[in-house]
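Asks: Sequence first, predicted model second:
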Amino acid sequence: MENNKGFWILAPVVLVLAIVLAFMGNPLTHKDVPPQQLLLLAAIGSHYYSTDQVAEMLINHDPALVLVDVRQPAEYEKWHIEEAVNIPVDSLLTPTWYNWLTRPGQTVVFCSNDDALAQMAWLATRRLGASNTFVMKGGLNEWFNTIVNPPAPGPMADKVQLALYTKRMGARQHFYNLGMVGEATEKPKEAPKKVVKPTAVQHSAAEGGC
Amino acid sequence: MMNKKLIFGIIALVAFVVVMLLVFSREKDVYEKPVQDIFAEGMADSLQLKPAELGNLLATGNFLLVDIRKPEYFINESIEGAVNIPAGELLTEENQGRLEEAVESGKRIVLMGANTHETLLPWLLVRQTGVENVYLLLGGFEGWKNFHTNPSFTPSSLEISASDYSAEIEKLKAGAGVQTQEEKPKEKPKITPKPVVHHGAAEGGC
């Protein structure tokens, strides 16, 4: 009789424990980084690296940088940044690649044509707990427009813009052997002259007339 | 009798603990979908709305248009009928409730940031936490404004395909030094109109 009673106590306890376990869900999901945390990171844009930053890291041979092209192999083979490795999004989350990417001390920067696919890669890896993944803002399109073929600074460009242009021309020379470095330094010299054009002063004189 | 009371007491206590555990462990902002879904959901274009389609939706009145930009931008300029929930606050319990309420009443939820890229991650995260049928406005508010000045404007899709850059680079290499130097003088004349325009505005002032 006493044995029986013991079972009666045990049964609800086991049942309750089973329910708890069932509701706790998959233990894997508990490692997930809360969405709120990721949302805040995304909202302040801290997941972005600019193409200029990536170019600088590549030129300096930054040993921490791993540039990952997350497009499909066919697209990658068509054209890619020389230093980028190809890990398509579908194989990004396999334990082998995921563990390789999240080794401590590494800075992983994802890139794709635009940056939508790279942002998805960022979200997936960050959700799983990675803290070293980033996105190249604007992707390869932006890379082409800023590093391969940077727009010449306008006549009203300030020092910062001119310096950026010089830097980009240098990067372009480094990566694609395009354009002369001397040429790049000439341009900024010409541009400031334009800013101080007397025509502007003449116009203000006309204003005085009115 | 005492034994039975004790047993019931224990059961009641355990049940209480379980209920408390359930309440606290099931936060509202927890993922409802597996990680892999991020890619599938992100690339499927069924929940992406073009500005023209938003125009049609606005006419029906059956929508919840969420402007996820910062309040200062929202106050300055937005679409009539939009509500402002800054991106960072989308997952608070109150706002989750608002979204779920809209889903239940059969409204279409549309997220609108400044542009597509600003909207992408909030959109994916909201869907990952289980709110169904949330649309993303392609082009964001910038795209909407462009659409209004030019009705034929269609914002590009999420992943704009890259053009043939290897060919472009070859082209650049072929005409490298000479072309860029030729372009310089062409840009010089452009300078003069600019100051004129600026001064014109100033003249208006006097």
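Replies: Here it is on my side, so go on.
Asks: Just the helices from the chain, written as ranges.
Replies: Using chain A here. Per DSSP state H, chain A carries helices over the ranges A:2-24, A:35-43, A:51-59, A:73-78, A:89-92, A:95-101, A:116-127, A:139-143, A:159-176, A:181-195, A:198-209.
Asks: try again with chain B
Replies: Ranges of helices within chain B are B:2-25, B:37-43, B:51-60, B:71-76, B:93-104, B:116-128, B:140-149, B:165-174, B:176-191, B:193-205, based on DSSP H.
Asks: A:Pro35 is nearest to which of those helices?
Replies: Ranking the helices of chain B by distance to A:Pro35, with Cβ to Cβ as the measure, places helix B:116-128 first at 4.9 Å. No exception for glycine: its C-beta is placed from N, CA and C like everyone else's.
Asks: orientation of the closest one relative to helix B:140-149 in degrees?
Replies: In terms of direction (axes from the mean of the first three to the mean of the last three Cα atoms, to 10 degrees), helix B:116-128 departs from helix B:140-149 by 120 degrees.
Asks: Just the residues contacting helix B:116-128, thanks.
Replies: Under the contact criterion Cβ atoms under 8 Å, 6 or more residues apart in numbering or on different chains, helix B:116-128 has outside partners A:35, A:38-39, A:42-43, A:114-116, A:119-120, A:122-123, A:127, B:31-33, B:37-38, B:41-42, B:47, B:68-69, B:87, B:90-91, B:99, B:111-113, B:134, B:136-140, B:143, B:155-156, B:158.
Asks: hmm, which of those residues are the buried ones?
Replies: When neighbours are counted using 16 or more other Cβ atoms under 10 Å in any protein chain shown, the contacts of helix B:116-128 contain these buried positions: A:35, A:38-39, A:42-43, A:114-116, A:119-120, A:122-123, A:127, B:31, B:38, B:41-42, B:47, B:68-69, B:87, B:90-91, B:99, B:111-113, B:134, B:136-140, B:143, B:155, B:158.
Asks: can you put the helices of chain A in JSON lines and add mean pLDDT and distance to chain B?
Replies: Formatted as JSON lines, the entries for these read as follows, by pLDDT from 0 to 100; distance: least, Cβ to the nearest Cβ, whole Å:
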{"stretch": "helix A:2-24", "mean pLDDT": "75", "distance to chain B": "5"}
{"stretch": "helix A:35-43", "mean pLDDT": "92", "distance to chain B": "4"}
{"stretch": "helix A:51-59", "mean pLDDT": "95", "distance to chain B": "13"}
{"stretch": "helix A:73-78", "mean pLDDT": "92", "distance to chain B": "7"}
{"stretch": "helix A:89-92", "mean pLDDT": "91", "distance to chain B": "5"}
{"stretch": "helix A:95-101", "mean pLDDT": "91", "distance to chain B": "10"}
{"stretch": "helix A:116-127", "mean pLDDT": "94", "distance to chain B": "4"}
{"stretch": "helix A:139-143", "mean pLDDT": "93", "distance to chain B": "5"}
{"stretch": "helix A:159-176", "mean pLDDT": "92", "distance to chain B": "6"}
{"stretch": "helix A:181-195", "mean pLDDT": "44", "distance to chain B": "6"}
{"stretch": "helix A:198-209", "mean pLDDT": "45", "distance to chain B": "4"}
